[in-house]
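Participant: Give me a model of this one.
(chains A and B)
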Amino acid sequence: RKEVEQDPGPFNVPEGATVAFNCTYSNSASQSFFWYRQDCRKEPKLLMSVYSSGNEDGRFTAQLNRASQYISLLIRDSKLSDSATYLCVVILVTSGTYKYIFGTGTRLKVLA
Amino acid sequence: EAGVAQSPRYKIIEKRQSVAFWCNPISGHATLYWYQQILGQGPKLLIQFQNNGVVDDSQLPKDRFSAERLKGVDSTLKIQPAKLEDSAVYLCASSPGRQRVGDTQYFGPGTRLTVL
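Facilitator: Residues are numbered from 1 along each chain as shown, chains lettered A, B, ... in the order given. Down below sits the predicted model:
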């Protein structure tokens, strides 16, 4: 089983739709979680951190479910500019150091 | 604030040749990472430096890949000899290195390597 798993998509949604992605992780000792966004042929950029209590940033909401070992990203009122690959990142602490583990990413296409 | 710089942006070589990539992290960032991203996959960590020491190189193919960060600032990643399967984007990232809750990583634009 992969350490971090994501549905690769693509998710094709119309403008204005609400879309949600999940990301599951296998190691219960994972400590921190992030969502990164990667545009085509560009570098990943931090979208938002994921806190235990859930957090919201404008149209984006991130949730963490430690019991079921998954994180989610909800995008409301999708815009054409939201089209990108969304990477789930899990941080695992091993031997006193932090290890960043990326998922394969979920592709989102927002259609006009 | 200047971002992470990488060069070259593109490189095409033939298999069995050697290649080197350079990265200059954000000023003051103690932690530097090299990732390999193959098309359609997420970035895979190759090596992580804390200042000029190696923290994690468990996924670095040491028979052909090497990396150094001699003065704790910029870094080079070398492949010698290259194989076809090394075709990928090589991303450098840096973070402040506080690592209390997991630092935010800042990525450079990457070097796109094609091995023919």
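
Participant: alpha carbons only for contacts and neighbour counts from here, please
Facilitator: Fine.

Participant: check contacts around the spatially closest residue to B:Gln48 that is not a sequence neighbour.
Facilitator: Nearest non-adjacent residue to B:Gln48, counting by Cα to Cα, 6 or more residues apart in numbering or on different chains: B:Tyr33, 4.5 Å away. Applying Cα atoms under 8 Å, 6 or more residues apart in numbering or on different chains to B:Tyr33 gives the contacts B:Leu45, B:Leu46, B:Ile47, B:Gln48, B:Phe49, B:Cys92, B:Ala93, B:Ser94.

Participant: how about a cut-off of 6 Å?
Facilitator: By Cα atoms under 6 Å, 6 or more residues apart in numbering or on different chains, the contact set of B:Tyr33 is B:Ile47, B:Gln48, B:Cys92, B:Ala93.

Participant: Wondering if the worst-scoring helix or strand of chain B on mean pLDDT reaches chain A at all.
Facilitator: One helix or strand of chain B scores below all others by mean pLDDT, DSSP states H and E: strand B:53-56, with a mean of 90. No. Counting by Cα under 6 Å from any Cα of the partner chain, chain A has no neighbours in strand B:53-56; the shortest distance is 7.4 Å.

Participant: Around chain B, pick out the residues from chain A.
Facilitator: Applying Cα under 6 Å from any Cα, we find that chain A lies next to chain B at A:Glu43, A:Phe102, A:Gly103, A:Thr104.

Participant: Please repeat the previous calculation with a cut-off of 7 Å.
Facilitator: Within chain A, the residues that sit near chain B (Cα under 7 Å from any Cα of the partner chain) are A:Ser32, A:Lys42, A:Glu43, A:Pro44, A:Lys45, A:Ile91, A:Tyr98, A:Phe102, A:Gly103, A:Thr104, A:Gly105.

Participant: between the residues you listed, which is closest to chain B?
Facilitator: Chain B has its nearest neighbour among these in A:Thr104, at 4.0 Å by Cα to the nearest Cα.

Participant: ok, now how distant is that closest one from B:Gly108?
Facilitator: 19 Å (Cα to Cα, to the nearest Å).

Participant: Could you pull up the contacting residues of B:Leu39?
Facilitator: Residues counted as contacts of B:Leu39 (Cα atoms under 7 Å, 6 or more residues apart in numbering or on different chains) are B:Ala88.

Participant: Next one, pLDDT for it please.
Facilitator: We have a pLDDT of 92 for B:Leu39.

Participant: That one - that's part of a strand, no?
Facilitator: No. Assignment of B:Leu39 by DSSP: H, G, I helix; E, B strand; the rest coil gives coil, placing it outside any strand.

Participant: tell me the phi and psi of it?
Facilitator: Backbone geometry at B:Leu39, expressed as degrees, to the nearest 10, gives phi -50, psi 130.

Participant: Check A:Leu80 too.
Facilitator: Per degrees, to the nearest 10, the backbone of A:Leu80 is at phi -60, psi -40.

Participant: Quick check: chain neighbours aside, which residue is closest to the residue in chain B positioned nearest to chain A?
Facilitator: Nearest residue of chain B to chain A (Cα to the nearest Cα) works out as B:Gly42 at 4.0 Å. The spatial neighbour of B:Gly42 that comes closest, neighbours along the chain excluded (Cα to Cα, 6+ apart), is A:Thr104 at 4.0 Å.

Participant: Which element, helix or strand, includes that neighbour?
Facilitator: Following DSSP states H and E, one finds A:Thr104 outside all helices and strands.
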